[in-house]
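Trainee: quick one: sequence and predicted model below, then my questions.
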Amino acid sequence: MTDPEGDAGADLAQFVAARLRNVPDFPEPGIQFKDIFPLLADGEAFAQAIGALADFARTEWPIDLVAGIEARGFILAAALARELGCGMAPIRKAGKLPPPTLSQAYTLEYGTAEIEVPAGLLAGRRVFLVDDVLATGGTLEAAAYLVAAAGAQITGIATLLELAFLGGRARITAAPVYTLLRL
């Protein structure tokens, strides 16, 4: 196994890696799920992760909103928006937001899904997009498309974890992509 790498350096990548839990065969057989909840439950680790994500966001400054993808991305986006002193916008699963909304369907590694944003919320704003994991890239690609279709400018994209062996980064062309841990 190679040493952990990430865009904020090897030390932080190792720190993050030590606080993830592997869950085999979830949500279906053959998937190795990376659970971030142990990291979130560790106050020091959560603070360091948010601080590093904020450093990424500041390289793409100014931003008006941090957009987080349901559900774990909400946690990161809310904490990151607070750290940066800006607003937070939800990117939700279809049918969870009151109308009017804009939506985008996409394929992910174990199925299909659809996400939505509130219509009018993002127009004319500079948005930093955040999620927990970049895997095959389908969710982030759809979210970036949706944010742009809603009239926002995407300044950057960040994740806690990138599963580089799945090649998802190649699909993300809307803005620079940053990650704390690349496996």
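Mentor: Happy to help now that I have it. Residues are numbered from 1 along each chain as shown.

Trainee: okay, now the unreliable bits of this structure?
Mentor: 1, 109-110 (pLDDT under 70).

Trainee: in it, which spans are helices?
Mentor: 10-17, 37-41, 43-59, 72-84, 138-149 (DSSP state H).

Trainee: in a markdown table, list those along with distance to Gln104.
Mentor: All C-beta spots, glycine's among them, are computed from the backbone N, C-alpha and C. Shown next, in a markdown table, are the helices of the chain (distance: least, CB to CB, whole Å):
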| stretch | distance to Gln104 |
| --- | --- |
| helix 10-17 | 29 |
| helix 37-41 | 27 |
| helix 43-59 | 23 |
| helix 72-84 | 15 |
| helix 138-149 | 4 |
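
Trainee: isn't Arg125 right next to Gln153, touching?
Mentor: Yes. Shown here, Arg125 and Gln153 form a contact pair, counting by CB atoms under 8 Å, at 7.4 Å.

Trainee: who has more neighbours out of these two?
Mentor: Counted by other CB atoms under 10 Å, Arg125 and Gln153 do not tie: Arg125 has more neighbours, with 20 against 15.

Trainee: how far away is the residue lying closest to the more buried one once chain neighbours are set aside from Ala94?
Mentor: Distance criterion CB to CB, 6 or more residues apart in numbering; nearest residue to Arg125, sequence neighbours excluded, is Asp64 at 4.2 Å. For Asp64, the distance to Ala94 equals 25 Å [CB to CB, to the nearest Å].

Trainee: give me the neighbour count for the residue nearest to Arg125.
Mentor: A count of nearby residues for Asp64, using other CB under 10 Å, gives 16.

Trainee: contact partners for the nearest residue to Ala158 once chain neighbours are set aside?
Mentor: Leaving aside its sequence neighbours, Ala158 sits nearest to Tyr178 (CB to CB, 6+ apart; 4.4 Å). By CB atoms under 8 Å, 6 or more residues apart in numbering, the contact set of Tyr178 is 7-8, 53, 56, 156-159.

Trainee: farthest-apart pair in those residues, please.
Mentor: Ala8 and Ile157 (14.6 Å; CB to CB).

Trainee: so those two - more neighbours on which side?
Mentor: Neighbours per residue (other CB under 10 Å) separate Ala8 from Ile157, with Ile157 holding more: 27 against 22.

Trainee: Ala81 touches Leu65, doesn't it?
Mentor: Yes. When contacts are counted by CB under 8 Å, Ala81 is listed as touching Leu65 (7.2 Å).

Trainee: hey, what's in contact with both of these two?
Mentor: Common neighbours of Ala81 and Leu65 are listed as 87-88 (criterion: CB under 8 Å, 6+ apart).
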